[in-house]
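Enquirer: next comes the sequence, and after it the predicted model I'd like to discuss.
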Amino acid sequence: MSIPPVEAPPTSGASRATGASGASGAGGEPFDDPRTLTILTTEHWSLMSARSLVYNEAFARAGMFLAFLSATLVAMGLVATATGFSDGFLIVAAIVLALNLFVGLASLGRIAAASSEDIRYLQGMNRLRHAYHEMVPGLDRYFISSHHDDIVSVVAFYGPSNSGTLRNVIHGLTTTPGMIGVICCAVAGALGAVIALRLTHDPVVGATAGLVAFFAVFVALNAVMIASIGRTMRELRAMFPRPGSGD
């Protein structure tokens, strides 16, 4: 007598799902899931789009401030031509320059915040690049950017970090925040000179007050920027630091 074949019991939906995704479940490697590359690529493009938006906003803020400053200076020149450098003009000039200084400092603050956001996005992209290196080892020679996410590796995108203190300072002044900061210092110096002229009517006192205001705001802005950079660096937590970096 022949024995009829025994059919296997039907697999439940839960067990099918477990079998399909067991490799990416608890204790499994995420790279075993075929969807991993798509997810990482999507996140990479998302970070690139976020960086593009940050750059556009920073440039728009800087352009808005420079356009506003240019327009107000032209208006002040027309008023000075019509009224002369009277006390009334000095009062108007002080009000306009104070408004320009506020707009400039507000723009500088947003640009500095955008720079911090850009560094965070760069760190995220370095982490994704590290995942690519884990998926396909031996890709180091094909990349010019780092796949480590410590602060030195992240900011290396902007240039070598061991270029020296003087070159770093000069480079900082050529950046958008540095340029806007110097312009804000010049506006503060002009405001200080106008206020001193209104109070004393002495050109020497006015020039001295302008220089003091310029350097005072310059030192204050640099102190704030250095503190902001230090805070951003402390907030960055490295998951894949360079060997020997100590992070």
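Expert: In hand now; what should we look at?
Enquirer: can you get me a residue count around residue 73?
Expert: 16 (other CB atoms under 10 Å). From N, CA and C alone the C-beta is placed, and that goes for glycine too.
Enquirer: all helices for this structure, in order.
Expert: Using DSSP state H, the helices of the chain run over residues 13-21, 36-83, 87-135, 151-155, 165-174, 176-200, 203-235.
Enquirer: look at the nearest residue to residue 209 once chain neighbours are set aside and report its pLDDT.
Expert: Sequence neighbours aside, residue 196 is the residue nearest to residue 209 in space, at 3.5 Å (criterion: CB to CB, 6 or more residues apart in numbering). The model reports residue 196 with a pLDDT of 94.
Enquirer: would you confirm that residue 196 contacts residue 204?
Expert: No. Between residue 196 and residue 204 there is no contact under CB atoms under 8 Å: 9.5 Å.
Enquirer: pick out whichever of these two has more residues nearby.
Expert: The neighbour comparison of residue 196 against residue 204 (other CB under 10 Å) goes to residue 196, with 22 against 9.
Enquirer: ok, now which ones touch that one?
Expert: 202, 205, 206, 208, 209, 210 (CB atoms under 8 Å, 6 or more residues apart in numbering).
Enquirer: buried ones only from these, please, as a PyMOL command.
Expert: Paste this into PyMOL to select the buried members of the contacts of residue 196, with burial taken from 16 or more other CB atoms under 10 Å:
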select buried, resi 206+209+210
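Enquirer: can you tell me which of the contacts of residue 196 is closest to residue 190?
Expert: residue 210 (6.4 Å; CB to CB).
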